[in-house]
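S.K.: my questions are about this predicted structure, shown below with the sequence.
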Amino acid sequence: MACVKLGSKADAFQRRGQAWFCTSGLPSDVTIEIGEMSFHLHKFPLISKSGLLDKLIREKTDVGEEGCVIHLHDVPGGVKAFELVVKFCYSMKFELTASNVVYLRCAAEHLQMTEEIAEDNLISQTEVFFNQVVLRSWKDSIKALQSCDDVLLFAEDLHIVKRCIESLAVKAFTDPNLFGWPMMEHGARQSPGGSLLWNGISTGARPRNSSSDWWYEDVSLLSFPMYKRLISVMESRGIRQEIIAGSITYYTKKYLPGLNRRQSVSETSSQLPSLTMTLVLSEEEQKNLVEEINRLLPVQKGITSTKFLFGLLRTAMILSASPSCISNLERMIGMQLDQATIEDLLIPNFSSSMETLYDIDCIHRILEHFLAMDQATGGASPCVVDDEHLGSPSLTPITTVAKLIDGFLAEVAPDVNLKLPKFQSLAAAVPEYARPLDDGLYRAIDIYLKAHPWLTETEREQLCRVMDCQKLSLEACTHAAQNERLPLRVIVQVLFFEQLQLRTSIAGCFLVSDNLDGSRPLRSGALPTSGEGGGWATAIRDNQVLKVGMDSMRLRVSELEKECSTMKQEIEKLTQGKTGWSDLPKKFGLKINSQMCSAQGDSVNNEKNQTGKVEKQRVKLPRKHKKQISSDESS
């Protein structure tokens, strides 16, 4: 820290209890009281430097009071500042630094220590040091701005705060190597130990990080009102919003240690090296800080880290911040919900009811904000979703959010206090077109059914309606067909849609095979060279691989046909005298043509003559539903 030495005489002051005495040998003729401290001084050194003290001393002398006593309880900086002022009046040695220059400048202004009273008076001395030394140094400007909190009104009147902030805002754009000491010319030269070299001599200083966040730690030392003003000036000067958001995040984590509860100790210590020296705020102060930070954060999407926003929201709930603060944080999170993780969504329930372990309603509101923003920005709609558009960029955020919500539902499903309407409402809030597959939703539903075995058959069917059986993968269909927790209606739907999915896939394979077979005569006239499309040998090898895959598909379809036939016989026995096979799809809520099995079976039977006979296999229903069928037959 830079400093300037003033005065030439040795220090002749001595403190005795709550009083200061000058040991120059002459008895004091004036006493100045500041608070509980009294200074026993001499008139001439004071009136030769201060216009205010000259005026007050003359008033006391004209009245003829014995023992001139002057009360100065409103001196900026108090006893500490006035002690340095007295030393300046007596020409005693002391150092003018960035930490005391603001106090002395304000006190000199209050005591009217101008050039009209004496040449090179304290006002001019402090102004020169402040402008030519302090404002040119980043560190000194920070220290000076910190000291302004104690004399804020005087510092504002003298524009000291404004000048410090303007200086810091300008330097934030600049490479720190340009205004630090030692100046690094022609690159940073370092000693073997890693310290900087100055004319070949190790300075002991470490090279500074020249990244865009080099100033985060320094400005975090400021009080929040000063920090807020500095950030506002930086924004007006065009500093990128990402850098501003990073500084706000650093500042908040430093004074709200609860935000770092999910970080490791090493990670926290590396990010906030001076955290142990930070003043611990009270609960009310932390609450006010959260609300102020909420208003200060940039509102653009993706500028602020989603994990940080979730941590701030969680802290706001714990501290019972204002509803507007919590609502604004939920809206900001909703704008970039696709960047969150399942761990972020697991917000404990801090409400008085404590109905559930996690706050389901909060996540529902955040999802609604995301869907509203997605629609406002022209997001995907059901009418444009098909197989060709599943990978389009417009669907990526909504698909990511759908997967995120399904994962969150699976995490909260084991909570026995989670009511069916709340679980179903959150699951149904995700648009149908946002889920290319319903495997994640099926997993969450299965976990919920397992944790809530007391649900009735009607409630189970109602819950399963949010899932589309046609959008389950083959693995999920295989699991669902044997899942005893699912209603019988859903299991039958799964089996039919599984067979339909396989038939559609095989029909596509047949089409590709026909195209390949038709293309052979066109290319049999001349064999291409190695540089023409990969060569004839590659085409033959790919065709053979495709045929092997088709053969295995044909075997699987033959097995499913046998299962379908067996199921048809079983259900005909069950419904004999009541309903026919043609009414079965309506009974189970299916939208499949009842003639599909026979119509598509004929097309596949032609292929079965070449692949051989397949062993018959009966369908295996879960025990729960077998019991249900036997009971229906007895009735």
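M.R.: The structure has been received and is ready for your questions. The shown structure was predicted, so the numbers you read here are calculated from the model rather than taken from an experiment.
S.K.: all helices of the stretch 251-400 of the chain, in order?
M.R.: 265-271, 283-296, 306-318, 323-335, 342-345, 360-376, 396-412 (DSSP state H, counting those that start in this stretch).
S.K.: return the fourth one as CSV; C-alpha atoms alone will do.
M.R.: In this case it means helix 323-335. Taking Å, rounded to 0.1, in the frame of the first residue of the first chain, the C-alpha atoms of helix 323-335 are listed here in CSV:
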residue,chain,number,x,y,z
PRO,A,323,-43.0,-13.7,-1.8
SER,A,324,-41.9,-11.4,-4.7
CYS,A,325,-38.3,-12.5,-4.2
ILE,A,326,-39.1,-16.2,-4.2
SER,A,327,-41.5,-15.7,-7.2
ASN,A,328,-38.8,-13.9,-9.2
LEU,A,329,-36.2,-16.6,-8.5
GLU,A,330,-38.7,-19.3,-9.6
ARG,A,331,-39.3,-17.3,-12.9
MET,A,332,-35.5,-16.9,-13.5
ILE,A,333,-35.0,-20.6,-12.9
GLY,A,334,-37.9,-21.5,-15.2
MET,A,335,-36.3,-19.6,-18.1
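S.K.: so what touches that helix?
M.R.: For helix 323-335, contacts defined as CB atoms under 8 Å, 6 or more residues apart in numbering pick out 290-291, 294, 297, 299, 301, 304, 306, 309-310, 312-313, 316-317, 340, 362, 365-370, 372-373. Yep, even glycine has a C-beta here, placed from its N, CA and C like the rest.
S.K.: what does the fifth one give?
M.R.: Helix 342-345 has contacts (CB under 8 Å, 6+ apart) with 262, 306-307, 310, 358, 363, 404, 407-408, 411.
S.K.: so which bits of it are buried?
M.R.: In terms of neighbour count (16 or more other CB atoms under 10 Å), helix 342-345 has its buried residues at 344-345.
S.K.: so where's the stretch 401-550 of the chain uncertain?
M.R.: For the stretch 401-550 of the chain, applying pLDDT under 70 flags the ranges 498, 501-503, 505, 507-550.
S.K.: quick one, helices of it?
M.R.: 420-429, 439-451, 457-464, 474-481, 488-523, 536-574.
S.K.: residue 31 belongs to a strand?
M.R.: Yes - the assignment for residue 31, made by DSSP: H, G, I helix; E, B strand; the rest coil, places it in a strand.
S.K.: tally of neighbours for the nearest residue to it once chain neighbours are set aside?
M.R.: In space, and not counting its chain neighbours, residue 31 is closest to residue 69: 4.8 Å by CB to CB, 6 or more residues apart in numbering. Using other CB atoms under 10 Å, residue 69 is surrounded by 12 other residues.
S.K.: for the helix or strand hosting residue 69, name the packing helices and strands.
M.R.: Using DSSP states H and E, residue 69 maps to strand 68-71. Judged by 3 or more CB pairs under 8 Å, 6 or more residues apart in numbering; DSSP states H and E, strand 68-71 is in contact with strand 30-34, helix 51-63.
S.K.: nearest to residue 557, out of the ones you listed?
M.R.: strand 30-34 (98.9 Å; CB to CB).
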